Each structure stands twice: as C-alpha cells, then as structure tokens.
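Peer 1: test case, fold it:
(chains A, B, C and D)
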There are 2 protein chains.
Amino acid sequence: MPLPTKTPNALLHGALDALILKTLDGGPRHGYAIARYIEDRTGDAVLVEEGSLYPALYRMERRGWIEAEWGMSELGRRAKLYRLTRAGRMQLASETAVWRRFAAGVSKILLVP
Amino acid sequence: MPLPTKTPNALLHGALDALILKTLDGGPRHGYAIARYIEDRTGDAVLVEEGSLYPALYRMERRGWIEAEWGMSELGRRAKLYRLTRAGRMQLASETAVWRRFAAGVSKILLVP
DNA sequence: CAGCGTTACCTAGACTATCGTGGTATGATG
DNA sequence: CATCATACCACGATAGTCTAGGTAACGCTG
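Peer 2: The predicted structure follows:
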C-alpha cells in the first residue's frame, strides 16, 4: 500500500520502460510481479499503477524488447511471463545511459546551493 | 548546439518545472536565458526546446509560482523577466524533495549489478 | 546594404505516456 | 461467505513535450 503521499508521478514518464527492462534483466517475471518488485525495491518512491504497467508491457512487446508467454506465478496462478529479448537488452543499455546522463544533469542544477 | 544524439526527452516530464524554478531561485531571468542556463549547466544533457519552455512558463505563472514583467536582457533587448514567488519557492522545495526521492529509487534499480 | 545568425518571444496541433476507473477471474482467509 | 490479494485487461481523460511554424530586432560580414 502506498504511503500517505499521493504523487501523480509525472517523473515516471520515460523512466518506466527502463525500470521494467532492468527488472526483467534479473530473469523472467510476470507483470504484477514486476510492479511489486519496483515498488518494494524503491520503498514506494516509484509507484507503478496497473494502468501504466500493462500498456507499457504491450508497447514494449510490440517493439520487440520483451516477449510474453503464458505460465504460472510462484503462487501457482495463471500469469503471463515476460522476458528480455536481445533488442531489449540493447534498449536497456541505451536507456540506462540516457537516464544516467539526464539524472546527473538535473542534479547538477537541482541539488546544489 | 546539441550533440549528435537526438533524444526526444520523455524524461523531462515533471522535471522541467523544478529546473526552471531552481534557475529562477538564483535571481530573475528571462525565458531564453533560462533555457540557455539549463543547457549550459548540464552540458546539453538536458535540452529545453522553446515549445516546451514557454508553455511551462505560462503554466507556472498561472499557478502563481512565478511572476513576469517586461524589461531588458543583458544585451539590451526587450525581454520578459520572470521571478520566483513565495509559492514558487515552496513548490521548488517540494519538487526537489520528490525528485531526490524518485531519482534515488530509480537509481536503486537501474544502477546496480 | 543584403543576407545570415543570434537573440527573444509566441502558438497550434500532434503525439505519447501515465492515470483513473472500470471490469474479469481465482484462491486464501477469517 | 464476504473480503482481500493475486493477476490480467481496456478505455477515455489528462497533461506535458515536441514539431514546426511565425514575428521582430540586432550585429556582423561580404
């Protein structure tokens, strides 16, 4: 459950894809688990709404960055498992570089006296 | 002039306002100068297109975060000078905190083995 | 003095991605 | 048996950036 803060995260724009790709870089996962992973790992600093998550997954599948296949979750429930493609791995590298550069730039302005 | 990379910056979403506010925190500036400052300071890691800049300025003026007044640029040309309001200063603090938290979260996922 | 690059502002529509909110279905829990 | 968590899906609303135009004035240079 999200903390009291109710931040309609505009910042997520453009960062969500990279986060999902990176999550899948640790092995195949289903959508719901991806969202849980990102929120847990960031201490709910990054919230992944389902209305953002699933469209993002379809988008990325369409672009050939990830592939889906029906299977089972760890809890034995029907789930669609996603895994990174070779193109997805390249995309991840590219987006990581862009993020690093961008975040450094923003910090240079925002986080100085 | 931008580097060879032509990044349609989706990441800018939500970060631009904070960057502008922080720029104005260093004293009044006109729009064009704000864009130049951000691009210079970030080594073109953050590009500020005019089609994003001016709408952002109007938005923020409408919300009472900044105030405008016609004046002169350092080069003696007609320019609209913006300055931070008290509300803008509070907004800056808030957005800086959100950015810090968000960027830390993303980095926790993206920038680890 | 004509042309060009820079400064400085403005706008309309296109685009894209997130969000809100609804829905389906199953299994576990109390 | 009602509720919550898991797990997926869809649609319209919303918001902000980008593209691509435009105006105008100034300084420099051929």
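
Peer 1: pLDDT score assigned to A:Asn9?
Peer 2: A:Asn9 is assigned 86 on the pLDDT scale.

Peer 1: what confidence value was assigned to the closest residue to it other than its chain neighbours?
Peer 2: Closest residue to A:Asn9 apart from its sequence neighbours, by C-beta to C-beta, 6 or more residues apart in numbering or on different chains: A:Leu47 at 6.2 Å. Where C-beta positions appear, they are placed from N, C-alpha and C, glycine not excepted. Here the pLDDT value assigned to A:Leu47 is 96.

Peer 1: where in chain A is pLDDT low?
Peer 2: A:1-8 (pLDDT under 70).

Peer 1: scan it for its longest helix.
Peer 2: Counting by DSSP state H, the longest helix found in chain A is helix A:86-110.

Peer 1: now do it: which elements does it pack against?
Peer 2: Applying 3 or more C-beta pairs under 8 Å, 6 or more residues apart in numbering or on different chains; DSSP states H and E, one finds that helix A:86-110 contacts helix A:16-25, helix B:16-24, helix B:31-41, helix B:86-110.

Peer 1: for it, buried residues please.
Peer 2: By neighbour count on 16 or more other C-beta atoms under 10 Å in any protein chain shown, the buried set for helix A:86-110 is A:88, A:91-92, A:95-96, A:98-99, A:101-103, A:105-106, A:109-110.

Peer 1: closest to chain B among the residues you listed?
Peer 2: Minimum distance to chain B across the buried residues of helix A:86-110 is 3.3 Å, recorded for A:Gly105 (C-beta to the nearest C-beta).

Peer 1: would you mind measuring from the closest one to DNA strand D?
Peer 2: Going from A:Gly105 to DNA strand D by C-beta to the nearest atom of the strand, to the nearest Å gives 13 Å.

Peer 1: pretty sure that residue contacts B:Thr42?
Peer 2: Yes - A:Gly105 lies in contact with B:Thr42 (C-beta atoms under 8 Å); the separation is 3.3 Å.

Peer 1: sorry, back to before: which two in the buried residues of helix A:86-110 are spaced the farthest apart?
Peer 2: Greatest spacing in the buried residues of helix A:86-110, by C-beta to C-beta: A:Gly88 and A:Ile109 (31.6 Å).

Peer 1: quick check: closest non-adjacent residue to A:Val106.
Peer 2: Of all residues not flanking A:Val106 in the chain, B:Ala15 sits nearest, at 5.6 Å (C-beta to C-beta, 6+ apart).

Peer 1: all set now, cheers.
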